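*Asks:* Sharing a model that was predicted from the sequence below.
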Amino acid sequence: KKYDWGALSFDIKVCKTNLPSRTSLRAPGDVQGSYIAESIIEKVASSLNMDVDVVRKINLHCYESLSKFYKQEVAGEPDEYTLPLLWDKLEISSDFRRRDESVKEFNLCNVWRKRGISRVP
């Protein structure tokens, strides 16, 4: 419940392995769902030749979009919905832009070694 994609529909292929799961989760499927969501965001950013952080920010739920698709209990009150605020605060408190530029500079100067930085809601 972090991205506002409206009515999104897609087909998936469920794959079954011969090995049982070796972990127990409180929310089975949540990690896989987040992985799929982030893969979509990365693909869109790559296709549009945009920074992935910009695509993430554009698609983050705001209070209005969240309350449109989910019940009031999920959305809460407008002043309680903090995802966009936390996203901006994290960028400032972690000095994300400066660190991102540092990573890009390092990658330009190094052919064989690369670095990366990302933030995921």
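*Replies:* Alright, I've got the coordinates.
*Asks:* where exactly do the helices run in this structure?
*Replies:* 30-48, 52-59, 63-69, 72-75, 83-93, 96-109 (DSSP state H).
*Asks:* and those as TSV, adding mean pLDDT?
*Replies:* Formatted as TSV, the helices of the chain follow (pLDDT from 0 to 100):
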stretch	mean pLDDT
helix 30-48	89
helix 52-59	90
helix 63-69	75
helix 72-75	64
helix 83-93	88
helix 96-109	95
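*Asks:* between these, which gets nearest to Y3?
*Replies:* Closest to Y3 of the helices of the chain, according to C-beta to C-beta: helix 52-59, at 4.6 Å. The way it works is simple: take the backbone N, C-alpha and C, and place the C-beta from them, glycine included.
*Asks:* Any idea which of the helices of the chain gets closest to T23?
*Replies:* helix 30-48 (9.6 Å).
*Asks:* And the closest one, what's buried?
*Replies:* Buried residues in helix 30-48, defined by neighbour count with 16 or more other C-beta atoms under 10 Å: A37, E38, I40, I41, A45.
*Asks:* tally of neighbours for V55?
*Replies:* Per other C-beta atoms under 10 Å, the neighbour tally for V55 reads 20.
*Asks:* Who are the contact partners of it?
*Replies:* I41, V44, A45, L48 (C-beta atoms under 8 Å, 6 or more residues apart in numbering).
*Asks:* ok, 6 Å please
*Replies:* I41, V44, A45 (C-beta atoms under 6 Å, 6 or more residues apart in numbering).
*Asks:* Serialize those residues to CSV and add fields for distance to N18.
*Replies:* Formatted as CSV, the contacts of V55 follow (distance: C-beta to C-beta, whole Å):
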residue, distance to N18
I41, 32
V44, 34
A45, 36
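*Asks:* Out of those, which is nearest to W87?
*Replies:* Nearest member of these to W87, counting by C-beta to C-beta, is I41, at 13.3 Å.
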